[in-house]
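Novice: predicted model and sequence follow; I will ask about them next.
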Amino acid sequence: MASQVEAKDALWSAIEKLAKEAERYNSPAGSVMLRDTAIAYRAVVGGAQPGSMVVESK
């Protein structure tokens with residue numbers, strides 16, 4: 001079983017790959033890919049998720 005660090009590194013690699021693929025598309029499909037990349041990034045760093053009831057204060 002992968003450690004937490006290994007799992008996080010794998011997620012970062014997948015996010016980076018998806019972002020690079022999205023650059024090739026200049027269409028709604030590319031926009032959807034970038035949106036999904038942003039959601040994945042937020043999940044990895046532990047921030048609030050879209051639609052979440054949690055409000056982060058500064």
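Specialist: It's in. Residues are numbered from 1 along each chain as shown.

Novice: residue 43 sits in which helix or strand?
Specialist: helix 28-45 (DSSP states H and E).

Novice: which non-adjacent residue is nearest the residue nearest in space to the middle of the chain?
Specialist: Closest to where the C-alpha atoms of the chain average out (Cα atoms, centre = their mean) is residue 40, at 2.2 Å. With sequence-adjacent residues excluded and distances taken as Cβ to Cβ, 6 or more residues apart in numbering, residue 40 is closest to residue 15, at 5.0 Å. Any C-beta I mention is one placed from the backbone N, CA and C, and that applies to glycine too.

Novice: okay, now the one you found: neighbour count?
Specialist: Residues lying near residue 15 (other Cβ atoms under 10 Å) number 18.

Novice: against residue 3, how distant is it?
Specialist: According to Cβ to Cβ, to the nearest Å, residue 15 and residue 3 sit 19 Å apart.

Novice: buried set for the helix holding residue 43?
Specialist: 33-34, 37, 40-41 (16 or more other Cβ atoms under 10 Å).

Novice: run the chain-centre distance for it.
Specialist: 5 Å (Cα atoms, centre = their mean, to the nearest Å).

Novice: residues in contact with it?
Specialist: For helix 28-45, the surrounding residues in contact (Cβ atoms under 8 Å, 6 or more residues apart in numbering) are 8, 11-12, 14-15, 18-19, 21-25, 48-50.

Novice: farthest pair within those?
Specialist: Spanning the widest gap among these are 24 and 48, at 29.7 Å by Cβ to Cβ.

Novice: picking up where we left off before, only whichever of the contacts of helix 28-45 are buried, select them in ChimeraX.
Specialist: To isolate the buried members of the contacts of helix 28-45 in ChimeraX, using 16+ other Cβ under 10 Å:
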select :15,19,22
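
Novice: contacts for the longest helix along the chain, please.
Specialist: Counting residues, the longest helix found in the chain (DSSP state H) is helix 4-23. Outside helix 4-23, the residues that touch it by Cβ under 8 Å, 6+ apart are 2, 30-31, 33-34, 36-37, 40-41, 43-44.
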